[in-house]
Structure formats: structure tokens, C-alpha cells
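Visitor: Sequence and predicted structure, then a few things I'm wondering about:
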Amino acid sequence: MGTAPPTADQLRSTFIDFFVAKGHTAVPSASLIPHDPTVLFTVAGMVPFKPYFLGDEVPPYNRAVTSQKCARAGGKHNDLDDVGRTKRHLVFFEMLGNFSFGDYFKREAIPWSWELVTEGFGFDGDRLWITVHHSDDEAEAIWHEEVGVPMDRIQRLGDKDNFWQMGDTGPCGPCSEIHIDRGPAFGPEGGPLNDPHGDRFMEFWNLVFMQYDQGSDGTRTALPKPSIDTGAGLERILCLMQGVDAVWETDLMMPLIDQACSLTGKRYVAGDYEHRESFAMRVLAEHARSATMLVSDGVFPSNEGRGYVL
Ligand code: SER
């Protein structure tokens, strides 16, 4: 990748090429309008693959890699109210993901994520913290014994943070997240356990060990085969690799903020989260981008459903 930080396009290619070399089929992003009626938008990379996880359809490949367009503005996964207020939340974002449909499981997915993050992205392994579901001895052992992460940087969290489900129903399972320590200027010590939703230990990659189907009656049944669903936020990784404070200052968002300033005659102060005008410029930039992506996938303004959100 060279010494210059990557552009968004280069980062996307690095991710996809890495997993193609590991036997994955590169699949184009699906629409933001899901086929699945249980979610309003495509909220994660796994949504288009739901029938494969459930065993309802036979996948044409058993490993896939995507950069999936996602929107989180409604239902269980909703980041709308955080936009502009934090350094990392967006309604529209791209989720980089590698998937196994009953093929490989934790023993491959975990070391591959570490290899790409440390060797491909060049992140310092000593700054990475891992969380696992409190019941997941196996994932913890792989991170520690096979990857070599010291036990004091592996923490166990409960269902709220380390169990992922697509919606009220559907495929789900315990998960393991990779966080990077951005340093004392970003928050308190103690790892993600101490500050799970702050800026210091920023989560940028989630590995879901898909094992169950959540039913509407509250029961969980085992999936036909354990599978892998991972999701890494392109904009968050870009922020880290470009060495900027927030997703707002990446090459994806900054030109939109500049345009919002030039159209409105307002001022943007990077890093100032108390300044109302800067908040407004971030919101304008983000919502213009999200609205463009929604309209281009066929959502139209209306007084209900997706159109109401738009
Ligand atoms: N589905 C998981 C998530 O959205 C991992 O891709 O975090």
C-alpha cells in the first residue's frame, strides 16, 4: 500500500483483494432496499445473505467478500440521532465484510482479521483490544493462544455489546470485536469494558459467529451450519489510516462539509463538538450523502416507511 495513507477506493480494494486471495468470491453491493421485510434498510453486510445463513437457499459460493452499502436509520440498528454528535456515527456507510456459509468458522476468521489489520492496514497490534461474548471461551482461546493477544487486552462483555442480531428475528450469534486504543486524549483507561461506547477504544471490526435463528416467539434454534459474518466500517478504518480525528475529516466526508460551508456561508471547526454550526455542517454533509444513496437505490420521499425516513 506504500507509505501514503490510502484513499477510500484503495482501502476497499485492499480488503476485497485480501479475502479473494483466501478463496472468497467478490460480490457486488446489494441495494439499500432489502428483499427482507424484517428490516427497513440494508443495515449490515449480511442482510442480502440471510437465506444462505438460514439454509433456505443454497449459496452459489461458500465464501463471499463485499463492501455493502448500509443505512442505519430505523428499527434495531439506528444511528440517526448520533450523526454529527460523535466522531464515528453515520446513517449511510460502507461495511466491509467476509462471510462463510457453513464453511470456515472462528479458527480461520479470527487470525485472518488480525493478519489484515496488522499487516495489511499496518495497525500496531499493541494498541488493539479484543472483546468476546462472556460465554465464548473458544474465541478467547484463539485470540490468546493462536493470535498471541495478551489476556489483559481481551475482555468479556455481555449480550448488549457482544451478541449480534439482524433484527427482532433472524440469524444471530455471539460476536467478537476489534477496538483500537486512540490514546488518553480520547478518554479514560481500562479498555472497551470501562468505556464501551466512548471514542478512546474505537470499535472498527465485528466478527459474528452466526449460530442461531431468533424466532418471533423468543426461541432460538440452531442454524443448519455455524457460519461467519464480519463487518468492518470503511469510514472508521479510513479515519484511523488517514490519521484524522474523526470520520468527518476523511477524504469521503470533508469535501461534502466544505460544500455545505460554501453553500451556507457557515464556518466549520474540525473537532469542535460544542459548536452548533459545525454540528449542522456535519449533519448537512452526512444527510446529503445518505439521501443521495437512498434515492439512487430507488427510495422516494413519502409519508411512510423508507420514504418517510428519507
Ligand atoms: N453483522 C455484524 C454487524 O453489523 C457484522 O457484520 O456488526
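Guide: In hand now; what should we look at? Residues are numbered from 1 along each chain as shown.
Visitor: Which residue does the stretch 1-150 of the chain have closest to the ligand?
Guide: Going by CB to the nearest ligand atom, the ligand is nearest to Ala44 of the stretch 1-150 of the chain, at 3.4 Å. All C-beta spots, glycine's among them, are computed from the backbone N, C-alpha and C.
Visitor: Next up, the contacts around that residue.
Guide: Each residue near Ala44 by CB atoms under 8 Å, 6 or more residues apart in numbering is listed here: Gln68, Cys70, His77, Met95, Gly97, Met166, Asp229, Gly231.
Visitor: In three-state terms, label Leu207 for me.
Guide: strand (DSSP: H, G, I helix; E, B strand; the rest coil).
Visitor: Show me the strands in the stretch 151-300 of the chain, by range?
Guide: 154-157, 163-165, 170-181, 201-214, 220-233 (DSSP state E, counting those that start in this stretch).
Visitor: Can you find the helix or strand of the chain with the lowest average pLDDT?
Guide: Between all helices and strands in the chain, the lowest mean by mean pLDDT, DSSP states H and E belongs to strand 73-74, at a mean of 88.
Visitor: Pull up the pairing partners for that one, direction included.
Guide: strand 77-78 (antiparallel) (DSSP bridges).
Visitor: next structured bit after the partner strand?
Guide: For strand 77-78, the succeeding helix or strand toward the C-terminus, using DSSP states H and E, is strand 92-100.
Visitor: what's the distance between the residue in the stretch 151-300 of the chain positioned nearest to the ligand and Glu249?
Guide: Closest residue of the stretch 151-300 of the chain to the ligand, CB to the nearest ligand atom: Gly231 (2.3 Å). Counting by CB to CB, to the nearest Å, the gap from Gly231 to Glu249 is 23 Å.
Visitor: More neighbours: those two, which one.
Guide: Gly231 (25 against 18; other CB atoms under 10 Å).
Visitor: which other helices and strands contact whichever helix in the chain runs longest?
Guide: For the chain, the helix with the greatest residue count under DSSP state H is helix 276-296. Helices and strands touching helix 276-296, by 3 or more CB pairs under 8 Å, 6 or more residues apart in numbering; DSSP states H and E, are strand 63-71, strand 92-100, helix 254-264.
Visitor: give me that answer again for 10 Å
Guide: Contact analysis of helix 276-296 by 3 or more CB pairs under 10 Å, 6 or more residues apart in numbering; DSSP states H and E lists strand 63-71, strand 73-74, strand 92-100, helix 254-264, helix 305-309 as its packing neighbours.
Visitor: Please put the alpha-carbon coordinates of stretch 171-178 into CSV.
Guide: Extracted C-alpha coordinates of stretch 171-178, given in CSV (Å, rounded to 0.1, in the frame of the first residue of the first chain):
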residue,chain,number,x,y,z
PRO,A,171,-29.8,-15.0,12.1
CYS,A,172,-27.7,-14.1,15.2
GLY,A,173,-24.8,-15.2,17.4
PRO,A,174,-22.1,-14.2,19.8
CYS,A,175,-19.5,-11.8,18.4
SER,A,176,-16.0,-10.6,19.0
GLU,A,177,-15.0,-7.0,18.3
ILE,A,178,-11.6,-5.4,17.5
